[in-house]
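>>> okay, sequence plus prediction incoming.
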Amino acid sequence: MHKPFSESCEQNRAPILDVLSDYLADVESLLEIGSGTGQHAVYFAAEFPLLRWQTSDRAENHAGIQQWLEDARLENIDPPLALDVARDAWPETRFGAVFSANTTHIMGRAEVEALFAGVGRVLASGGVFVLYGPFNYAGDYSSDSNRRFDQWLKARDPASGIKDFEWLNDLAGKVGMSLLADHAMPANNRILVWRGVTPDVAFR
């Protein structure tokens, strides 16, 4: 098969790295949910050589991710786990951080609820959940381009679409996470960062 490639991953990886650098310096383990092509994983893992980066995605995407991992030859990145957030068993391991990019808007509400419930189970005390993508605020779009994007998403899958920040933050609170930061990003995207319970505990 051809090695998968995402232009958006190439465009957004540097701005995302700028934000991740504020939160991952002392983190030893990270679970990425929805590794997609694998491009983000190999780029970020190379930038954080002391961090063990665990990839995951639906099984049908594993071959493409594995191609990126094999070409990168990084010692601190692990082969993808099979993780459909609403159907597969989540890891028993606790992670110092969880990262996910461009996932909630392609999920239905039940899947997003399963995502947050799973993160609440695997995130170590004091760890951070970093979520990148487009979000609505107070039920409204942050830009005309996001409105058009949402219409395109729903035309493909009526269950998908850009999710409201307030709803996501409520889901986070129900599993013991509190909002730490909301970063503006290029192309009308955001990075939301939540911290797990007992933030005084060192990330491990």
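Looks like it arrived, so ask away.
>>> what about the strands in this structure?
29-33, 52-57, 77-82, 95-101, 123-133, 135-136, 163-164, 178-185, 189-195 (DSSP state E).
>>> compute the inter-axis angle for the fifth one and strand 178-185.
Calculated by axes from the mean of the first three to the mean of the last three Cα atoms, to 10 degrees, strand 123-133 forms an angle of 30 degrees with strand 178-185.
>>> and if you look at the fourth one?
Taking the same axes, to 10 degrees, one finds strand 95-101 and strand 178-185 inclined to each other by 40 degrees.
>>> show the contacting residues for Ala117.
By Cβ atoms under 8 Å, 6 or more residues apart in numbering, the contact list for Ala117 reads Val175. (Each C-beta comes from the backbone N, C-alpha and C, glycine too.)
>>> which parts of stretch 185-196 are buried?
Buried residues in stretch 185-196, counted by 16 or more other Cβ atoms under 10 Å: 185, 189-196.
>>> from Ala89, how far off is Ala114?
12 Å (Cβ to Cβ, to the nearest Å).
>>> quick one, which of these two is more surrounded?
Neighbour totals were compared for Ala114 and Ala89, and Ala114 leads with 18 against 9 (other Cβ atoms under 10 Å).
>>> now do the helices in this structure.
Ranges of helices in the chain, per DSSP state H, are 7-20, 39-47, 62-72, 109-122, 144-156, 165-174.
>>> for Pro80, find the nearest of these.
helix 62-72 (4.8 Å; Cβ to Cβ).
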